[in-house]
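# mind looking at a prediction? Sequence and model below.
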Amino acid sequence: PDSKIRIFESGAKKTPVDVFPFVVHLVSDEKEQLSACALEAARIQANKYLTKSTGKEGYHIRIRAHPYHIVRQNKMLSCAGADRLSSGMRGSFGKPMEKVARISIGDVIMSVRCKDQNAQHAIEALRRAKFKFPGRQKITKSDKWGFTPYPRDLYFRGRQAGWVMKDGVMSKYKNERGPLTADNCVYIDEADKAALMKL
């Protein structure tokens, strides 16, 4: 069966990494399966609210769970005299019904990045998206800069010193190794180097 969700990124998805520093995640608190239909419904809900509150270019939503798992169903008759017609559990291998994403505790389902002034709108959008999923989810504010792996203060220092480069919506670490050029001749503070090793 075809997956109901085809678009995994919404909003201003090509906005450079420096523009949207704030990021918030919807994190699962249960081990469960989320259908592609539920993921699409949550994306539409968050997208609709954020378009209304921040404008089309004010946010970037990314669905982090991908539905690969196919769920089957053994269809049973439920009419009168069904026991005469149906074969019960004989040949009970079901027909494929839909695709689902398998989620563990602590898995990120979806993330939103935006400007700091729109932080409350992003949190509210994820709160509304939560209603489309079964089970319990938590909304987590991240201390990272956008979708990058760097904490805000470290990212800011890295951009100033030149050892973090912007790379579309993500960032790249400029390595000290290799032949010396004007490009990779950057100084990294020892404290920052220790912080990078922990990431």
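Structure received.

# can I get the strand ranked longest in the chain in PDB, CA atoms only?
Taking DSSP state E as the criterion, the chain has its longest strand at strand 95-103. The C-alpha coordinates for strand 95-103 follow below in PDB (Å, rounded to 0.1, in the frame of the first residue of the first chain):
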ATOM      1  CA  LYS A  95      -3.700  -8.600   3.600                       C
ATOM      2  CA  PRO A  96      -1.500  -5.500   3.700                       C
ATOM      3  CA  MET A  97      -3.500  -2.600   5.100                       C
ATOM      4  CA  GLU A  98      -1.200   0.500   5.700                       C
ATOM      5  CA  LYS A  99       2.300   1.600   6.500                       C
ATOM      6  CA  VAL A 100       3.300   2.600  10.000                       C
ATOM      7  CA  ALA A 101       6.400   4.000  11.700                       C
ATOM      8  CA  ARG A 102       7.800   2.000  14.700                       C
ATOM      9  CA  ILE A 103       8.500   4.400  17.600                       C
END
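
# pairing partners for it, with directions?
strand 32-35 (antiparallel), strand 69-73 (antiparallel) (DSSP bridges).

# which other helices and strands contact the lowest-mean-pLDDT helix or strand in the chain?
Using mean pLDDT, DSSP states H and E, the weakest-scoring helix or strand in the chain turns out to be helix 82-85, at a mean of 71. Contacting helix 82-85 under the criterion 3 or more CB pairs under 8 Å, 6 or more residues apart in numbering; DSSP states H and E is no other helix or strand. (Each C-beta comes from the backbone N, C-alpha and C, glycine too.)

# how far is it from where the chain is centred?
From the chain centre to the centre of helix 82-85 is a distance of 46 Å (CA atoms, centre = their mean, to the nearest Å).

# all the strands of this protein, in order from the start?
Going by DSSP E, the chain shows strands at 9-11, 22-28, 32-35, 59-63, 69-73, 95-103, 108-114, 137-141, 164-167, 170-173.

# pipe these into TSV and attach distance to Lys193 and mean pLDDT per row.
Converted to TSV, the strands of the chain look like this (distance: least, CB to CB, whole Å; pLDDT from 0 to 100):
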stretch	distance to Lys193	mean pLDDT
strand 9-11	33	92
strand 22-28	24	96
strand 32-35	39	96
strand 59-63	30	95
strand 69-73	41	95
strand 95-103	36	95
strand 108-114	27	95
strand 137-141	27	95
strand 164-167	13	88
strand 170-173	11	89
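
# CSV for these, including mean neighbour count and distance to Leu199?
Shown next, in CSV, are those (neighbours: other CB atoms under 10 Å; distance: least, CB to CB, whole Å):
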stretch, mean neighbour count, distance to Leu199
strand 9-11, 19, 24
strand 22-28, 22, 16
strand 32-35, 20, 28
strand 59-63, 24, 20
strand 69-73, 12, 31
strand 95-103, 17, 24
strand 108-114, 24, 17
strand 137-141, 16, 18
strand 164-167, 16, 12
strand 170-173, 16, 10
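
# dump those strands to TSV, plus distance to Arg128.
Shown next, in TSV, are the strands of the chain (distance: least, CB to CB, whole Å):
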stretch	distance to Arg128
strand 9-11	14
strand 22-28	11
strand 32-35	16
strand 59-63	12
strand 69-73	26
strand 95-103	19
strand 108-114	12
strand 137-141	11
strand 164-167	31
strand 170-173	27
